[in-house]
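> For reference, the sequence and a predicted model appear below.
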Amino acid sequence: MAEARLRVEAAGPHVSLQDAGRFGWMRYGVPASGPMDRFAHAAANLALGQPSGATAIEVSMGGLSLSCREGAVSIAVCGGGFTLDHDGTRRDGWAVLRLEPGQTLAIRAGTWGSWCYVAVAGDLVCERWLGRAATHAVSGFGGGRLVAGQDVIVRDAWVTQDREGAIPAPGPPTAPLRLSAVAGPQEALFAPGALDRLTGETFRVTSAFDRMGVRLDGPELPLRDALSIPSEPLLRGAVQVAGDGVASVLLADHQTTGGYPKIATLLSTETDRLAQARPGDTLRIALVDPEKAVALARVALAERRRSLDEIGKPRGSLAQRLVETNLISGVTDGREAAPEG
């Protein structure tokens, strides 16, 4: 194994290094951070045969352009409907490819999705904070943002031919996006009818959207005298409402405590789908009881495990795949009866 060096030729906003997240520190006021779309992040790593939580590059809709300056390395790109320009060849994302010296890779927003992930075959060298590479966007602690002119070093880089090619990918979401949530914990502090508005009307994702959360445009969710509640711990997926009655949903870099009332909390398995929404996309929220929420989450996580297991399987070398594929139609074994006459 050798070292590879990738040059960042261009990087949009919010392009950063993320591992699975910084767990166990929220009690001390440290956000967990980690990927906005945890499934796509894990898929990119597993497609290369790496641990699902390994450090990868998170790419926003602003895109990313890399050039390979030294060494050769396999790369997996997963997330949303992003498109790739691989050294002049256009292709879809959700793929494993290789970069060799002199080659370039440009990643651009495609038909859907707000985030994608670039995993590399090897050890991506970066700073760590409290033992993890997950980048907290506001402070910059962790692996950090990527900027034009920066070199990304991959230690012990390798090329994995038996994994190259397309990766099984989810399709684009239907509109409106339908998300499940449980009520509360402060639903009783809202004015009568607020829960009915939450579940009965459509919301729209606004451009006030970053790694901390997303502000929604939709019906006002009026409060009673609830803004004086003490600060308390927060979760990813909490639907909190400020004094203006506008709802926001907390995401990867959310603060650890807050005093705004929460009318509902999305299931943990739903936040990946919300994170991939774009400004202007619409969504509906359906409330389920806690028992139903647990059942739905278990089903979703089992499906996630099956999908990731499939993504993590090697495809075989090019020679093996050619042997297993019928490239010429109409071939027979010669034992069919010859036509008469």
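All right, it came through fine. Numbering: from 1, shown residues only.
> buried set for stretch 281-295?
Asp281, Leu283, Arg284, Ile285, Leu287, Ala293 (16 or more other Cβ atoms under 10 Å). For the C-beta atoms, the positions are set from N, CA and C on the backbone; glycine is no exception.
> In CSV, list the C-alpha atoms belonging to the top helix by length along the chain.
Using DSSP state H to define each element, the chain has its longest helix at helix 290-311. Taking Å, rounded to 0.1, in the frame of the first residue of the first chain, the C-alpha atoms of helix 290-311 are listed here in CSV:
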residue,chain,number,x,y,z
PRO,A,290,-44.5,5.4,20.8
GLU,A,291,-45.1,1.7,20.3
LYS,A,292,-45.8,2.2,16.6
ALA,A,293,-42.7,4.4,16.3
VAL,A,294,-40.5,1.6,17.7
ALA,A,295,-42.0,-0.9,15.3
LEU,A,296,-41.5,1.4,12.3
ALA,A,297,-37.9,2.1,13.3
ARG,A,298,-37.1,-1.6,13.7
VAL,A,299,-38.5,-2.3,10.2
ALA,A,300,-36.5,0.6,8.7
LEU,A,301,-33.3,-0.4,10.4
ALA,A,302,-33.6,-4.0,9.3
GLU,A,303,-34.1,-2.8,5.7
ARG,A,304,-31.1,-0.5,6.1
ARG,A,305,-28.9,-3.4,7.3
ARG,A,306,-30.0,-5.5,4.3
SER,A,307,-29.2,-2.7,1.9
LEU,A,308,-25.9,-2.0,3.4
ASP,A,309,-25.0,-5.7,3.4
GLU,A,310,-25.7,-5.9,-0.3
ILE,A,311,-23.7,-2.7,-1.0
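> any idea what sits nearest the most centrally placed residue in the chain, other than its immediate chain neighbours?
Centroid check for the chain by Cα atoms, centre = their mean gives Asp37 as the closest residue, at 2.1 Å. Leaving aside its chain neighbours, Asp37 sits nearest to Asp272 (4.6 Å; criterion: Cβ to Cβ, 6 or more residues apart in numbering).
> Next: Glu164.
In this structure, Glu164 finds its nearest non-sequential neighbour in Val96, 5.0 Å apart by Cβ to Cβ, 6+ apart.
> what's the neighbour count on that neighbour?
Neighbourhood size, Val96 [other Cβ atoms under 10 Å]: 25.
> Could you measure from it over to Ala76?
The gap separating Val96 from Ala76 is 5 Å, by Cβ to Cβ, to the nearest Å.
> In the stretch 101-250 of the chain, mark out all the helices, start to finish.
Secondary structure of the stretch 101-250 of the chain by DSSP state H, counting those that start in this stretch: the helices cover 194-200.
> can you list the weak-confidence ranges in it?
Low-confidence segments of the stretch 101-250 of the chain (pLDDT under 70): 226-228.
> again, only using 80
225-228 (pLDDT under 80).
> Name the nearest residue to Ala4, ignoring sequence neighbours.
Using Cβ to Cβ, 6+ apart and skipping the chain neighbours, the partner closest in space to Ala4 is Gly71 (3.3 Å).
> The one you found contacts Glu3, correct?
Yes - counting by Cβ atoms under 8 Å, Glu3 is a contact partner of Gly71 at 5.6 Å.
> Between these two, point out the one with more neighbours.
Gly71 (20 against 15).
> ok, now how distant is that one from Phe203?
Separation of Gly71 from Phe203 (Cβ to Cβ): 47 Å.
> Quick check: buried residues in stretch 60-67?
So stretch 60-67, judged by 16+ other Cβ under 10 Å, has buried residues Ser60, Met61, Gly63, Leu64, Ser65, Leu66, Ser67.
> Look up how far Leu296 lies from the residue lying closest to Val120 once chain neighbours are set aside.
Excluding the flanking residues, the one nearest Val120 by Cβ to Cβ, 6+ apart is Val154, at 5.0 Å. According to Cβ to Cβ, Val154 and Leu296 sit 39 Å apart.
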